[in-house]
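>>> Coordinates only, no sequence provided:
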């Protein structure tokens, strides 16, 4: 089998790679050495899918798995976050000259422009991930070391650092207030929040920031691309908005016993993590419904392209808003920050937005049929956090029926790969038509 054939259809390659990892993870987690208490094959499949899709939902407690089992989960999280294609290209490029055709296909799979060398970006992704996770590992280790044995603190801090950077939501630690003494707790929240934020911005953005810093060091002028500026502005707005809503709605309700600094820190931590990672200091079975609704909206938007987080992505949302503004302004083109967005990207953003809403509608309907006796908001929230890979539940997940677990497994997979990518993976490639039909208007209002 030729190596180049692996990258002929990026959508199919991504889907096949994820399915292989989930199958392997299910097999390993089903082994007796990986379990402390009996775990069914379906629960092992659910856990493997949740880890590979960096979601964080669990039908059985993570304590049901041994240290070896938790290491399997950690490996699935790491590989699922940075991508199998990323790791494959990196490893193969060490030994094989992949050629121009494969570079182009890899660039398409990684969603980068043709001017960027995929192998160089992939090497940056691997090194950047290792650096950030090691720094986070060290800081968290120093924070929790006084309260655990050396080996346990080492493992817990490693697990937390990788999980946070990968926006997965899996954790062995508790984030409830008072779980650790004041300074250690603040260090844990701060470090976890920073890791989640760094992971959610996307490797392409950090690569451009690194190039920008290097350019300034050698006194060479450089501008950020529209992609990076859109990601940074949208992320800043969403984090600020989410933090403010949580602080205003939950301060008197949940944080009344907190000192002011702790309340602000908790609000910012939740504002960062509730976009794409399943870490929180809140009890989701009793928070304000308005807070829950805001979380659903923000997590639907999610993180940025090429990141470890989920959602429809910040740039998709930005282009979608740009299309609305263009329509209201009676323009036939979409303009953002002084740049015109190509029509094919506008169509792609509209398709992703619409297909995502359609998938959520179908998932909610099916869960309402299979999970009777639960509130509508609980079912809707469960469907949304699975699709957006947020990984927080209002306690419905452990009580899912067999059919419900199967639906959530599929939704996590679709959310991680992307509804449009999934459709294109099964669609037969056709040559572009060299003609177009005559225009004719229809009544729309």
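Looks like it arrived, so ask away. Nothing here was measured: the structure is a model prediction, and the numbers come from that model.
>>> which stretches of the chain aren't confidently modelled?
For the chain, the stretches with pLDDT under 70 are 1-13, 84-119, 252-259, 419-434, 445.
>>> At the geometric centre of it, which residue sits there?
Closest residue to the average C-alpha location of the chain: residue 309 at 1.7 Å, with CA atoms, centre = their mean.
>>> doesn't residue 389 make contact with it?
Yes. Using CB atoms under 8 Å, residue 309 is in contact with residue 389, at 7.2 Å. (Each C-beta comes from the backbone N, C-alpha and C, glycine too.)
>>> so what sits against both of these two?
The contact sets of residue 309 and residue 389 overlap at 54, 167, 276, 302 (CB atoms under 8 Å, 6 or more residues apart in numbering).
>>> For these, give me a markdown table that also has distance to residue 222.
Converted to a markdown table, these look like this (distance: CB to CB, whole Å):
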| residue | distance to residue 222 |
| --- | --- |
| 54 | 32 |
| 167 | 28 |
| 276 | 28 |
| 302 | 28 |
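>>> In helices, which of these fall?
Using DSSP state H, no member of the shared contacts of residue 309 and residue 389 sits in helices.
>>> most surrounded residue in those?
Of all the shared contacts of residue 309 and residue 389, the highest neighbour tally under other CB atoms under 10 Å goes to residue 167, namely 33 neighbours.
>>> Phi first, then psi, for that one.
The phi/psi pair for residue 167 (degrees, to the nearest 10) reads phi 60, psi 40.
>>> Check the gap between it and residue 191 for me.
14 Å (CB to CB, to the nearest Å).
>>> gap between residue 228 and residue 314?
Distance, residue 228 to residue 314, using CB to CB: 11 Å.
>>> again with residue 178
Look at residue 178 and residue 314: by CB to CB, they are 34 Å apart.
>>> Neighbour count for the two, which is higher?
Taking other CB under 10 Å, residue 178 and residue 314 do not tie; residue 314 has more neighbours (28 against 9).
>>> tell me which residues in the host helix or strand of residue 137 are buried?
Using DSSP states H and E, residue 137 maps to helix 118-144. With burial defined by 16 or more other CB atoms under 10 Å, the residues of helix 118-144 counted as buried are 118-119, 121-126, 128-129, 132-133, 135-137, 139-141, 143-144.
>>> What is the subsequent helix or strand relative to it?
helix 150-165.
>>> which other helices and strands contact that next one?
helix 67-82, helix 118-144, helix 182-201 (3 or more CB pairs under 8 Å, 6 or more residues apart in numbering; DSSP states H and E).
>>> Contact partners for residue 170?
By CB under 8 Å, 6+ apart, the contact list for residue 170 reads 50, 51, 56, 58, 62, 73, 74, 77, 159, 163, 278, 391.
>>> at 7 Å what do you get?
Listed by CB atoms under 7 Å, 6 or more residues apart in numbering, the contact set of residue 170 reads 51, 56, 62, 73, 77, 163.
>>> Just the buried ones from these, in ChimeraX syntax?
If you want just the buried ones from these in ChimeraX, going by 16+ other CB under 10 Å, the selection is:
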select :51,56,62,73,77,163
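>>> Contacts only, for the residue lying closest to residue 382 once chain neighbours are set aside.
Nearest non-adjacent residue to residue 382, counting by CB to CB, 6 or more residues apart in numbering: residue 396, 4.8 Å away. By CB under 7 Å, 6+ apart, the residues touching residue 396 are 371, 374, 378, 382.
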